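Peer 1: Sequence below, structure please.
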Amino acid sequence: MPEPAKSIIVGTAGHIDHGKSSLVEALTGTHPDRLEEEKRRGITIDLGFAFLEESGIRFGFVDVPGHERFVGNMLAGAGGIDLVLLVVAADESIKPQTREHFEICRLLGIRRGVIALTKSDLVDRETLELARMELEDFFRGGFLNRAPIVAVSAKTGDGLLELKNALAEQARQIEGKDSRRDFRLPIDRAFAIKGFGSVVTGTLISGSVSPEDEVELFPEGKKLRVRGVQSGGRNVARAEAGQRTAINLAGIDHNDLKRGMTLAAPSRFRATRRIDVKLELLAGARKLKNRATVHFHSGAFETMAEVALFERGELLPGEESFAQLRLKESLLVLPLDRFIIRQSSPPATIGGGVILDPFPRRTRLKEASRTGPLLAAERGDKPGTLAYLVERSFFGLPQSEIPARTGWTEPEIRETVRLLLDLKRIRVVAAERPLLFAAAPFDELVVKIAGRIESFHKENPLEPGIAREELRAALARRLRPEIFRAALEELAAGKKIDLQGEIVKRAGSQITLLPAELEAKERIESAFAEAGLAVPSFKEVLLNLSVEARRAEKLLQILLREKSLCRVTPELIFHRDALAELRLKLAAYKKAKGERISVPVFKDLTGITRKYAIPLLEYLDRERITRRQGDERVIL
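Peer 2: You can find the predicted model right below:
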C-alpha cells in the first residue's frame, strides 16, 4: 500500500495586484477568489483556498489579500502555513506589502519558501534579471536567503512546471505538523450549508479529527459533536495535522461561530486573556512604550492588547524583550504559538514573537526572577519548564492542568514527571488525581508539621494529640488537604508520628499525670461511679477538685476518651458501670415482664426522676438497645 501523501499548507504573500490569485489558479485550476465583490473589483479581499496534489505531496493553498487595508485578513490565513509562496511582479519588483508580508512570515516562524517572479511575460530579459538580483539582495541573510526564485507567467504558463518542482522540493524538506498531538483547528471561516448546518474551516495545526468525535469550542468551552469532515474538497474518515479541513458541527448555530475561535480536543485546554511572550519590534517600527495598546493577531484571532514590558520603559526598533500581553478578549493559545502585533495609526505591522506562558502571574516592575521559566519554555526544556510551573504553584499543580499550560502529550507529561521525580525536584502527592508539589517546600512542610506537633504536646500535656484540622489550620489556611495528608503519611511512615483517627500525636507519646492530677482524676471517676444513674452536674464535680478548672476539664476529657465515663447529653455524664448495670436491668425486665416498657415503669425500675429517665431512654434508642414506639419503648 502506498504511503499517504504528505500534506503541506502553502500561503501566498505579496503586494496587491502582483498576481497571487492568478498564479494559484494557474497552478491548481481553481480561482481562489470566492466573493462577488472580489470578482467584480478584481482584488482579493478575504482568504481563498485551492488544492493541488503534485509529486506525492498534497498542497493546500491559502491565498491572502495583498492590499494594506486587508492585512488583518491576510494574518487570519497566515497561521498554520508551512511554506510561503512570495509573489513579486517582475514589472514592479519589491513594494510595501512585499516587505510587510515578508516580515510577517518571518515573525510567524515560517522557515521555507519559494519566490515567484510573476508577470515575466511583460518584461524583457534584462529587466527580469535586474528584478531577480534585487530580490536576492533583499532576502540575503533572511529566512528566504537562497530560496528558489522562479520566473513565471500565469498568462502564458511559462515557468509553472519549474515552480511546481521548486514547491515540491521545499515541501520535502519540511517536517510537517504532528498528528499525535492534541487536536487544534483555528477557525478562519464559518458558514451554513442547507441540509447540513454549521460548517467551519481552518488549517488543522495539530492532532486529527473524525466524524462523531467530540470537540470543544474556545473561548466558550462548549462541547460539540463532529457530523462530518472534509479535506481537499472530499469527505474523509479522518483529517490530520497539516491539512486544510472543513468540519460540519452538530449542536450549534452557524451565527454563534466566527473567525478567531478554535476547535480543540475536549477537556484538555483553557482560554486565557493574559500571556507572557518573547516580543520582537521590527527595525522599521517606532519605539514601543510600556503599557502601549496594540492590535494582537494569533492565527485567525484578533483583539486589542496592552503590552507590559519586563524591566524596561520602552522597546526600541529591532530590539527584543520578554513582555506580558493583556488581551481584551479570551483565546486558546499554547507555548511556542506565534503572534503578530500591529499599530492602528498609521496601520502597520510593528512586531511579533512567540508565546511562552499562557497562564502567567500578573507582571510587576522588576521581573528578572521570571525570565527563568520563559527561557526554559523558549528552548523547549521540558523538565525545566515543568519544574518552574510546579515551584510557582504554591498550592500544588494538578497534573490535569499541564496540557493547557504546555501543549504536551500524555507520554511527554509522564516522562517529564518521571525525570523530575528521579531528580527529587517534585513530589506526586495524590495517585488518583495526581497533584505535583515542589520537593523543597514539601520537605519544609514535613519539618514544620513535626515541630508543631511537638509544641502542642509541650503546651497540652493532658491532651493525647492535636486534631488534624486544627493542625492543618495552624500551618496554612489554604494548604491543600492532599498535600497535608501526604506530609502526615510521610511522617507516619518514618515512625515520627502516630495517626489515631482524627488525632495526630508524636510517635510513642503517653499522657503522664502528676500526683495531684492522678488524684483528681480518680475523684472525678469516683463521684460519677458512686452516683449511679442520678449523676451530679459535671461542673459541680469539677468545682470540688484541688486542681484548676482548665486542668480538671482535661482530666474529664481523658476519662471520656478512656470510656470510663460516657456523655449522654451535653450536661449529663454517666459512669460506664452504671450504664452496664442499666442494660442488665432491662434484659431482666424483658425476660420477666415482656419487651415493652413505659416511662413511668422505667423510672420505677431505675429509681430515677424524669430529669434522668428521658435523656437515658433517648441514649438507649441511639445505642439500639431500645426503640421508641408511641409513648413506650420496645426493648431490643
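
Peer 1: Quick one: residues contacting the residue nearest to Arg342 when sequence neighbours are not counted.
Peer 2: Spatially, and ignoring its direct neighbours in sequence, Arg342 is nearest to His295 (4.3 Å; Cβ to Cβ, 6 or more residues apart in numbering). From N, CA and C alone the C-beta is placed, and that goes for glycine too. Neighbouring residues of His295 by Cβ atoms under 8 Å, 6 or more residues apart in numbering: 72, 302-305, 341-344.

Peer 1: Narrow these to those that are buried.
Peer 2: Among those, the ones that count as buried by 16 or more other Cβ atoms under 10 Å are 302-303, 305, 341-343.

Peer 1: Would you point out the most distant pair within those residues?
Peer 2: Farthest-apart pair in the buried ones among the contacts of His295 is Thr303 and Gln343; separation 14.6 Å (Cβ to Cβ).

Peer 1: Ile118: how many residues sit nearby?
Peer 2: Actually, residue 118 is Thr rather than Ile. 28 (other Cβ atoms under 10 Å).

Peer 1: quick one: it and Ala90 touch, right?
Peer 2: Yes: counting by Cβ atoms under 8 Å, Thr118 touches Ala90, with 6.6 Å between them.

Peer 1: From the buried ones among the contacts of His295, which land in helices?
Peer 2: Secondary structure assignment (DSSP state H) places none of those within helices.

Peer 1: any chance of those residues in JSON lines, plus distance to Thr406?
Peer 2: Shown next, in JSON lines, are those (distance: Cβ to Cβ, whole Å):
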{"residue": "Glu302", "distance to Thr406": "25"}
{"residue": "Thr303", "distance to Thr406": "23"}
{"residue": "Ala305", "distance to Thr406": "22"}
{"residue": "Ile341", "distance to Thr406": "24"}
{"residue": "Arg342", "distance to Thr406": "28"}
{"residue": "Gln343", "distance to Thr406": "31"}
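
Peer 1: Nearest to Glu220 among the residues you listed?
Peer 2: Once Cβ to Cβ is applied, the member of those that ends up nearest Glu220 is Thr303, at 15.2 Å.

Peer 1: Quick check: that closest one vs Gly11, distance?
Peer 2: 22 Å (Cβ to Cβ, to the nearest Å).

Peer 1: Which element, helix or strand, includes Arg99?
Peer 2: Following DSSP states H and E, one finds Arg99 within helix 96-107.

Peer 1: So which elements touch that helix?
Peer 2: strand 6-13, helix 71-78, strand 83-89, strand 338-343, strand 348-357 (3 or more Cβ pairs under 8 Å, 6 or more residues apart in numbering; DSSP states H and E).

Peer 1: now with 7 Å?
Peer 2: Other elements packing on helix 96-107 under the criterion 3 or more Cβ pairs under 7 Å, 6 or more residues apart in numbering; DSSP states H and E are helix 71-78, strand 83-89, strand 338-343, strand 348-357.

Peer 1: Can you lay out the ones you listed as TSV showing mean pLDDT?
Peer 2: Output for the helices and strands packed on helix 96-107, formatted as TSV (pLDDT from 0 to 100):
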stretch	mean pLDDT
helix 71-78	62
strand 83-89	94
strand 338-343	93
strand 348-357	94
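
Peer 1: which element is Gly318 on?
Peer 2: Counting by DSSP H and E, Gly318 is part of no helix or strand.

Peer 1: I'd say it and Glu280 touch.
Peer 2: No: at 8.2 Å, Gly318 does not count as touching Glu280 under the criterion of Cβ atoms under 7 Å.

Peer 1: Those two: which is more packed in?
Peer 2: Applying other Cβ under 10 Å to Gly318 and Glu280 shows that Glu280 carries more neighbours, namely 21 against 12.

Peer 1: residues contacting the more buried one?
Peer 2: Glu280 is in contact with 107, 320, 351-353, counting by Cβ atoms under 7 Å, 6 or more residues apart in numbering.

Peer 1: Out of those, which end up buried?
Peer 2: Judged by 16+ other Cβ under 10 Å, buried ones among the contacts of Glu280: 107, 351-353.
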